[in-house]
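Got a sequence here, can you model it:
(2 chains)
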Number of protein chains: 2
Amino acid sequence: MINSQIQHLQESYIQYLEQNPFLGKPQNLYDPMNYILSLGGKRVRPLLSLIGNKSAKGDISNALPIAHLVEVFHNFSLVHDDIMDNADVRRGKPTVHIKWDMPTAILSGDNLLVKTFEIWNKYSGPFKQEILECYIQTAVDVCEGQQKDMDFATAEESISENAYLDMIRQKTAVLLGAALKMGFLSAGGDPLHSDTFYQFALQTGMSFQMMDDYLDSFGSESKTGKKQGGDIIEGKNTWLKIKSLEIDAIKTNALFSIQGELRIEPVIQYWKEIGLDVGIQKLATTYHQQSLKSLDQLKEWGYDVELLEALSHWLLGRDN
Amino acid sequence: MINSQIQHLQESYIQYLEQNPFLGKPQNLYDPMNYILSLGGKRVRPLLSLIGNKSAKGDISNALPIAHLVEVFHNFSLVHDDIMDNADVRRGKPTVHIKWDMPTAILSGDNLLVKTFEIWNKYSGPFKQEILECYIQTAVDVCEGQQKDMDFATAEESISENAYLDMIRQKTAVLLGAALKMGFLSAGGDPLHSDTFYQFALQTGMSFQMMDDYLDSFGSESKTGKKQGGDIIEGKNTWLKIKSLEIDAIKTNALFSIQGELRIEPVIQYWKEIGLDVGIQKLATTYHQQSLKSLDQLKEWGYDVELLEALSHWLLGRDN
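Below you'll find the model as predicted:
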């Protein structure tokens, strides 16, 4: 169940978003930008920025543009990733390159990216420079992570566990870290503490990703609401597949050579035999425990971590 | 013939470029970024920045990162435009999405765009803030201009001359204006004068574009080195085609319905009949005269405009 304070912050951001549509011409450039931002989702990243700000008793009016910057960047990456991944649907709606066309999707994504720097430029709260440094490094990380992910998809050599986890870190976790850190900085919080905020969200993100991968293969459809084995059908590189290849490449490749849905059951069976269901839960737990250590440190420094705990619980479904 | 001082500045930039390759992993992300930047070209935009700086007796070490920012942005737009335009070749070499693939081209373009802000962030010369404002507005203009260009290509209604010229202004001329203005600002020049620098380069760019379109249809192959009528075969929206449609849409469409190379001669013939060859030269002259007025103003303020004159002469092949 979502904490009512978290829900309140979520609503604050949604209101801000609605009050700040992108305005400009031509329509074919600006409509897709507003469309992708309107598709919803949990708004985890802006939420992290608002929570970071609140943890340090900041002024929410400084956190809202930072939350927006992060969400706009995230949506830029969605528009471009959907082209690269050939995805037709996002959140039950057609993706931008399907609803419009590919050139329009490239260009409206580009303009979203430019607009993040316009948002930053208008920001007038604390630690403007530190926020930019963090943001630029994050944007580069996300590009590198996405390219690594694409490289892995066509790699002929085996991918190491470390390389895989590093890709996930760059592609998805660092933006969560940056969202929280930049929100914290927008409260004028002590910059020496900002990296612990970053680490907390990054570790939570890594734990979330591992839980997500666990549930995709081992979760029950009634709980997740998603069809079991989606990643397996796609042949997606996950920690599970990479570990499986590491343990027995011949067996793993043989199982993945089975066509379509018939592949799911034997793969899951094999992964249970070699203990990957337990392994990935352990890894998720390890990241979760690291995040709890970061949280303890923040508590020690006197920050109000209640909302961070609630968010972690909401995302990971764990009692802390 | 290119002025030796201009050539010297060009070489300074090329040296800077070679000394500042993009470093990072994975290779599939960074190689395309360095590849596109290595393809050459006249380097007009970085040159404008260096000349802007020199006109106000600035320190070239402040202008070089600004020149680089502009050239990197330009190359980002080339990588993405080549995908949108389905172009296989650029400067005699395969485009990024051909040499690598489309996802890699999208992503390496994205990273080039992010890197422009990293370059700006490291810039430590005068008027850092003013340079950013100019750059962000320019980046938005270029995105809008490119979208308008794409919209025009599929438009069912007729395009007005003004709408067309405004598209050209945004898509190509403003970046020239910004390159010169930002270079001038990097010399610590009086910001009240910066817009006249901007206008000079913008007007020169508009004049260049009109001359380029004139030469494509009416120039001799021996002088231009390009096949006559390329724009006509492509059916590209140019000032000539738009004016022709405005004067007689039925006739123009009939001529453009002729297939392939056979179309060139009758279209050129018709355009000469209705005086468009003279018309576009007049328009080029008008922009050129405006640029000379800007130049006079700059002279009056005491700037050294010799290199601006030389550049204009080099680009437009006109005696001032």
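
okay, CA-based contacts and neighbour counts for the rest of this
Will do.

got the contact list for A:S207?
A:S207 sits next to A:L283, A:A284, A:T285, A:T286, A:Y287, A:H288, A:L316 when contact means CA atoms under 8 Å, 6 or more residues apart in numbering or on different chains.

and the helix or strand containing it, how far from the chain's centre?
Here A:S207, judged by DSSP states H and E, is contained in helix A:191-218. Its chain's C-alpha centre and that of helix A:191-218 lie 9 Å apart, by CA atoms, centre = their mean, to the nearest Å.

mean confidence score for that helix?
Mean pLDDT, helix A:191-218: 97.

And for stretch A:256-269?
Stretch A:256-269 shows a mean pLDDT of 95.

quick one: contacts of that stretch?
A:S217, A:F218, A:G229, A:I232, A:I233, A:G235, A:T252, A:L255.

Next: stretch A:281-294.
Stretch A:281-294 has contacts (CA under 8 Å, 6+ apart) with A:196-197, A:199-201, A:203-204, A:206-211, A:214, A:320.

can you map out the helices along the stretch 51-200 of chain A?
Ranges of helices in the stretch 51-200 of chain A, per DSSP state H, counting those that start in this stretch, are A:60-84, A:96-99, A:102-122, A:128-154, A:161-168, A:174-185, A:191-218.

Quick one: residues contacting the spatially most central residue of chain A.
In chain A, the C-alpha nearest the mean C-alpha coordinate belongs to A:T172, at 4.2 Å (CA atoms, centre = their mean). The contact partners of A:T172, by CA under 8 Å, 6+ apart, come to A:V142, A:G145, A:G205.

now, which of these sits nearest B:R45?
Distance to B:R45 across the contacts of A:T172 (CA to CA) is lowest for A:V142, with 28.9 Å.

so that closest one touches A:M167, yeah?
No - A:V142 lies out of contact with A:M167 (CA atoms under 8 Å); the separation is 9.0 Å.

ok, back up a step: any quick ChimeraX command for the buried ones out of the contacts of A:S207?
Remark: buried members of those, expressed as a ChimeraX selection using 16 or more other CA atoms under 10 Å in any protein chain shown:
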select /A:283,284,285,287,288,316
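
returning to what we had before: ok, then the element right after the helix holding A:S207?
The first helix or strand that comes after helix A:191-218 along the chain, using DSSP H and E, is helix A:221-224.

follow-up on the earlier one: and the helices of the stretch 51-200 of chain A, which is most packed in?
Comparing the helices of the stretch 51-200 of chain A by mean neighbour count (mean count of other CA atoms under 10 Å in any protein chain shown), helix A:174-185 ranks first with a mean of 31.

Can you spell out which helices and strands pack onto it?
For helix A:174-185, the elements it packs on are helix A:44-55, helix A:60-84, helix A:128-154, helix A:191-218, judged by 3 or more CA pairs under 8 Å, 6 or more residues apart in numbering or on different chains; DSSP states H and E.

Would you mind telling me which of these is nearest B:Q7?
Between those, helix A:128-154 lies closest to B:Q7; by CA to CA that is 34.0 Å.

where does that closest one sit relative to the chain's centre, distance-wise?
In terms of CA atoms, centre = their mean, the centre of helix A:128-154 is found 12 Å from the chain centre.

That one near chain B anywhere?
Yes - Helix A:128-154 reaches chain B (CA under 8 Å from any CA of the partner chain) through A:I136, A:A139, A:V140, A:C143, A:E144, A:Q146, A:Q147, A:K148, A:D151.

wait, the fifth one sits on B:L29?
Yes - with the criterion set as CA under 8 Å, A:E144 and B:L29 qualify as a contacting pair; they are 6.9 Å apart.

returning to that earlier point: the helices of the stretch 51-200 of chain A into CSV, with extra columns for distance to B:N86?
Below are the helices of the stretch 51-200 of chain A laid out as CSV (distance: least, CA to CA, whole Å):
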stretch, distance to B:N86
helix A:60-84, 15
helix A:96-99, 16
helix A:102-122, 10
helix A:128-154, 22
helix A:161-168, 30
helix A:174-185, 32
helix A:191-218, 36
